[in-house]
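1. my questions are about this predicted structure, shown below with the sequence.
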Amino acid sequence: MENGRYVGYSHTSFIIDQKKYFGLKKVKVKIASDGKVIIEDAELLLNDYPVEANKNIRQLNVLDFTIMGDFEILSGPFVTNRTKTYLPLTGKVELKKNKNTIQSDLITRLQQLGKGLEQVFAQNTGEPVVKND
């Protein structure tokens, strides 16, 4: 929580010509009245893209939370906004909770970013909570 609002971080990676690239974004998170989890890009914080990132493209995810056996899952559609250069894209997102967050690329990139970010583990769940100092 920051200023009474949920925030989070998103790590994306992709491979071009056998080289792995990444992007780290800050995201806004809302819980809708119907229980859907809405995640929207807020800011690109760090990347090693081979070309300059377009600053006007945002992704919006509208996800359902389900529990299937040992897995906690967020899944649903995503859409990107239309810009003068690009048409909107749509697709499906499925996220499964990684119980071993210490080895997560996201945590590694947050530590690389620094800027006063501190990784704190919630005592009840053992899940990482990253907060601004």
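-> Good, I have the coordinates.
2. any chance you could map the helices in this structure?
-> Defined through DSSP state H, the helices belonging to the chain, from first to last, are 105-113.
3. tally up the residues packed near the nearest residue to residue 13 once chain neighbours are set aside, please.
-> Excluding the flanking residues, the one nearest residue 13 by CB to CB, 6 or more residues apart in numbering is residue 22, at 4.6 Å. Heads up, the C-betas are built off the backbone N, CA and C, glycines and all. Taking other CB atoms under 10 Å as the criterion, the count of residues near residue 22 is 17.
4. got it, and residue 17?
-> If you count neighbours by other CB under 10 Å, residue 17 ends up with 5.
5. show me the longest strand that occurs in this protein.
-> Scanning the chain for the longest strand, with DSSP state E as the assignment, gives strand 19-31.
6. ok, residues contacting that one?
-> The set of residues external to strand 19-31 that reach it, using CB atoms under 8 Å, 6 or more residues apart in numbering, is 5-15, 37-50, 53, 105-106, 109-110, 113.
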